[in-house]
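> Need the 3D shape of this:
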Amino acid sequence: MEKPVALGVDIGGSHITAALVDLETRTIIRDSIHRSAVDSQESKEIILTAWCDVITKAFKKITVQNKLVGIAMPGPFDYENGISLIKDQDKFKALYGVNIKQELSARLNILPENIHFINDAAGFLQGEVFGGAARGNANVIGLTLGTGLGSSYAVGGFAQDADLWNSPFLNGIAEDYLSTRWFVKRYNQLSNNTVAGVKELVKLTATDHAATRVFMEFGYNLAQFLVPVIKKYKSDMVIIGGNISGAFSSFSPELIATLNGNDVHATIKVTKLKENAALIGAASCCDVNFHNEMVEVIEHKKIHH
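So this is what the prediction gives:
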């Protein structure tokens with residue numbers, strides 16, 4: 001019997017990445033990652049051709065009769081039917097209303113029912129639940145912290161976009177406080193000095209009190225943001241990804257202390273799969289066994305509660 005393999009694809013505004021995922025070990029198959037820059041302002045024909053080139057190259061690594069593809073795609077998008085609904089975002093304008101599933105099926109000679117789509121923020125968390133830091137957990141929140149704020153939640157092991165970036169928070173919206181620009185701005189307010197980003201700020205914490213304070217404030221703010229979200233989704237774990245996750249040890253003491261102070265005891269972890277999370281998450285959409293396994297996890301929880 002042939003090994004269960006699916007192609008995970010991660011599509012962004014400026015690139016496409018694809019890799020074969022072994023659905024048994026839940027890991028990326030060595031040397032199967034292919035990446036290419038794609039200009040999302042281009043015509044439908046140019047964009048789809050570029051995507052198909054990368055997908056075809058990635059499949060070259062194996063001979064498989066029944067090709068399976070999972071694609072992590074930014075929204076708005078009809079994930080069930082594979083139709084792009086992106087229009088006012090300065091990207092993929094030429095794909096608005098296009099049935100991507102049918103287009104790819106025809107160009108790649110893959111059955112439409114073997115092509116699955118997942119939201120890109122949800123894809124990150126799905127990867128962590130499937131084969132990463134949240135494996136075996138059904139109710140999880142995923143945050144990607146960087147230039148923007150990506151958020152997702154999994155209930156019963158299946159991730160969805162939480163779309164919390166613009167939710168009202170403090171004197172603005174969540175993304176104002178939970179992104180790289182907040183660190184840069186806040187450090188400048190406290191010290192009159194400028195830093196390029198979070199990585200640079202981490203290096204200063206050993207000697208610079210203002211830098212330490214910025215991380216403490218961030219940890220506190222992140223906890224305040226998470227308390228209602230964790231309660232809403234009854235999550236037992238939070239996975240943090242994105243470039244800010246590299247500074248986890250600088251803000252996690254304050255984050256965890258504040259959560260505990262609010263009687264919230266979810267486990268906080270850093271992404272295990274990093275930039276491969278969305279690829280593995282997308283591929284997992286093709287795995288029937290995973291679906292059954294998650295149903296079992298939920299049933300087990302019910303019995304033991």
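> Any idea how far apart the tips of stretch 271-289 sit?
Its start and end residues considered, stretch 271-289 measures 23 Å (CA to CA, to the nearest Å).
> Would you mark the buried spots in that stretch?
271-273, 276-287 (16 or more other CB atoms under 10 Å). (C-beta placed from N, C-alpha, C; glycine too.)
> which one of those residues is nearest Ala18?
Ala18 lies nearest to Leu279 out of the buried residues of stretch 271-289, by CB to CB, at 7.4 Å.
> Is it correct that the closest one is in contact with Ala6?
No: counting by CB atoms under 8 Å, Leu279 sits too far from Ala6 to count as a contact (10.1 Å).
> overlap in contacts of those two?
Residues touching both Leu279 and Ala6 (CB atoms under 8 Å, 6 or more residues apart in numbering) are Val21.
> All the helices of this structure, in order from the start?
Using DSSP state H, the helices of the chain run over 44-59, 100-108, 120-131, 174-177, 180-191, 198-204, 209-233, 248-261, 277-284, 288-304.
> can you redo these as TSV with distance to Asp161 and mean pLDDT?
Below are those laid out as TSV (distance: least, CB to CB, whole Å; pLDDT from 0 to 100):
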stretch	distance to Asp161	mean pLDDT
helix 44-59	21	97
helix 100-108	17	98
helix 120-131	5	96
helix 174-177	14	98
helix 180-191	21	98
helix 198-204	24	97
helix 209-233	13	98
helix 248-261	23	98
helix 277-284	12	97
helix 288-304	18	78
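> could I get those helices as CSV with distance to Leu23?
Shown next, in CSV, are the helices of the chain (distance: least, CB to CB, whole Å):
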stretch, distance to Leu23
helix 44-59, 15
helix 100-108, 19
helix 120-131, 9
helix 174-177, 34
helix 180-191, 35
helix 198-204, 35
helix 209-233, 27
helix 248-261, 29
helix 277-284, 7
helix 288-304, 8
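> which stretch among those comes nearest Gly150?
When these are compared by CB to CB, helix 120-131 sits nearest Gly150, at 4.2 Å.
> Just give me how far that closest one sits from the chain centre.
Chain-centre distance of helix 120-131: 6 Å, with CA atoms, centre = their mean, to the nearest Å.
> Stretch 140-150 now?
Centroid separation for stretch 140-150 versus its chain: 7 Å, with CA atoms, centre = their mean.
> Please identify the buried residues of that stretch?
By neighbour count, with 16+ other CB under 10 Å as the criterion, the buried positions of stretch 140-150 are 140-146, 149-150.
> And for it, what's in contact with it?
Contacting residues not belonging to stretch 140-150 are listed as 120-122, 124-125, 128-129, 134, 151-154, 159, 162, 164-165, 174-175, 178-181, 226, 229-230, 233, 235-245, 266 [CB under 8 Å, 6+ apart].
> Could you tell me the end-to-end distance of stretch 131-142?
With CA to CA applied, stretch 131-142 spans 14 Å between its terminal residues.
> any idea how far that stretch is from the chain center?
That offset, for stretch 131-142, works out to 12 Å (CA atoms, centre = their mean).
> Same check on stretch 14-34?
Relative to the chain's own centre, stretch 14-34 is displaced by 15 Å; criterion: CA atoms, centre = their mean.
> Go through that stretch and flag the buried ones.
Within stretch 14-34, the residues that count as buried by 16+ other CB under 10 Å are 16-23, 26, 28-29, 32-34.
> Give the rounded mean pLDDT of it.
In this model, stretch 14-34 carries a mean pLDDT of 96.
> Need the residues that contact it.
Identification of contacts with stretch 14-34 by CB under 8 Å, 6+ apart yields 3-10, 35-40, 50-51, 54-55, 57-59, 61-62, 130-131, 135, 276, 279-280, 283-284, 286-287, 289-290.
> first to last residue in that stretch, what's the distance?
14 Å.
> Of the helices of the chain, which is nearest Pro76?
Among these, helix 120-131 comes nearest to Pro76, with 11.7 Å by CB to CB.
> Give me the phi and psi for Leu273.
phi -100, psi -10 (degrees, to the nearest 10).
> show me what contacts Thr205?
Shown in contact with Thr205 (CB under 8 Å, 6+ apart): 211-212, 215, 250.
> how much space between it and Asn193?
14 Å (CB to CB, to the nearest Å).
> Contacts only, for the closest residue to Ala282 other than its chain neighbours.
Nearest residue to Ala282, sequence neighbours excluded (CB to CB, 6 or more residues apart in numbering): Gly70, at 3.7 Å. Gly70 is in contact with 6-9, 116-118, 281-286, counting by CB under 8 Å, 6+ apart.
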